[in-house]
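Trainee: Would you be able to build a 3D model of this:
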Amino acid sequence: MTGFKKVKVAVLMGGPSNERAVSLQSGQAVSAALKRLGHTVTDIDPSHDVASQLMDQPVDVVFNALHGTFGEDGRIQGLLDWMQIPYTGEGIRSSLLAFDKVLAKQLYRAADVPVALDMVVSRAAAQELCVDELPFTLPVVVKPVAEGSSVGVEIIRDETRLISVLRQGEFDAYLIEEFIEGPEFSVVCIGTQCLGSVEIEPMREFYDYSAKYEEFGTRYHIPPRLDADAIQAVERVGLDAHLALGCRAVTRSDVILGPNGPIVLETNTLPGMTGQSLVPKVAAAGGIDFPTLIQKIIDLADHGKTGGTHG
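Mentor: Okay, the predicted model is just below:
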């Protein structure tokens, strides 16, 4: 691969979130690819003093390989904007909106992107909750309002278990969604276009954190095992979700093909780059190898969020 400028890149990986281990895997893979491309690379596991860590390095661009809280919720994006350092991924607004599942669904609905019925319940409100108050029946999907990589997501079929999770779980607020039966897909978008999609066939009950990152025999089908019209419908809603949040970098939107058509579950603005991750799988199926994908992400780093060079 030729024809691009060699730059000084700081790869942010690890951090303090629940997804630290996966972030380290993503960051290490990204760092190796950047070095293969000939860039000058510095790996940074950010602490509370990340601004000083960045100031100590001559940096042209930050490759953000953080996942979860602090990394993809708008916080590190705001700091990098303040420091005027270009960075990969989405800007502060799209990052914040996508990470907060309630806000994201408001944007989806405003753009006519199909989503499941839902209800938000705080731990305090759960103390008085009656399951009969839900706008749908069991089973339901319960997930934290603001976490990634399916952290804390559970399909609940029992009223006692539901009350227990809501009242005693580790998160302050949960999004309860209508359970929709159907095959699951991930739609990968880059810039303003759909790169492709993958059908996920988990060997567990659903595609949870363990199924994503551990060896549980999950199968991936690229292209999905659907006819052309159905694939187009799935990819259309994935792209619509990407655009509804104002995304212009690389995202992965999760979609369920229910009995009434595709439903968007959520959009991840910093999708994983590990050996098990879906974005590299979809890119490879389209003829884009991993280093080329990483270079495309670098090329999108300064798309109007900030400007200038630090160092």
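
Trainee: mind showing which ranges of this protein have poor pLDDT?
Mentor: Within the chain, the stretches with pLDDT under 70 are 1-2, 148-151, 204-217, 302-311.

Trainee: Identify the structural domains in it and state their residue ranges.
Mentor: Annotated domains of the chain cover 8-89, 96-114+181-269, 118-178 [automatic domain parsing].

Trainee: which one of those has the most crowded surroundings?
Mentor: domain 8-89 (a mean of 20; mean count of other CB atoms under 10 Å). For every residue, glycine as well, the C-beta is placed using N, CA and C.

Trainee: doesn't residue 10 fall inside a strand?
Mentor: Yes - assessed with DSSP: H, G, I helix; E, B strand; the rest coil, residue 10 lies in a strand.

Trainee: Could you give the bridge partners of it?
Mentor: Counting by DSSP bridges, residue 10 forms beta bridges with residue 42, residue 62.

Trainee: who's in contact with residue 231?
Mentor: Neighbouring residues of residue 231 by CB atoms under 8 Å, 6 or more residues apart in numbering: 197, 223, 224.

Trainee: How about residue 271?
Mentor: By CB under 8 Å, 6+ apart, the neighbours of residue 271 are 188, 250, 251, 252, 277, 278, 279.

Trainee: name the helices or strands packed onto the helix or strand that contains the last one?
Mentor: Looking back up the chat, that one is residue 279. Per DSSP states H and E: residue 279 is located in helix 278-285. The contact analysis (3 or more CB pairs under 8 Å, 6 or more residues apart in numbering; DSSP states H and E) places helix 278-285 against strand 184-190, strand 193-201, strand 250-258, helix 290-299.

Trainee: change it to 10 Å
Mentor: Packing partners of helix 278-285 (3 or more CB pairs under 10 Å, 6 or more residues apart in numbering; DSSP states H and E): helix 20-36, strand 184-190, strand 193-201, strand 219-221, strand 250-258, helix 290-299.

Trainee: nearest to residue 48, of the ones you listed?
Mentor: helix 20-36 (14.5 Å; CB to CB).

Trainee: helices or strands next to that closest one in the packing?
Mentor: Helix 20-36 packs on strand 8-12, strand 40-44, strand 61-64, helix 209-213, helix 278-285, helix 290-299, going by 3+ CB pairs under 10 Å, 6+ apart.

Trainee: do that again at 7 Å, thanks
Mentor: strand 8-12, strand 40-44, helix 290-299 (3 or more CB pairs under 7 Å, 6 or more residues apart in numbering; DSSP states H and E).

Trainee: Would you convert those into a markdown table that also reports distance to residue 173?
Mentor: Formatted as a markdown table, the entries for the helices and strands packed on helix 20-36 read as follows, by distance: least, CB to CB, whole Å:
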| stretch | distance to residue 173 |
| --- | --- |
| strand 8-12 | 27 |
| strand 40-44 | 31 |
| helix 290-299 | 32 |
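
Trainee: out of those, nearest to residue 70?
Mentor: Proximity to residue 70 (CB to CB) singles out strand 8-12 among the helices and strands packed on helix 20-36, at 9.8 Å.
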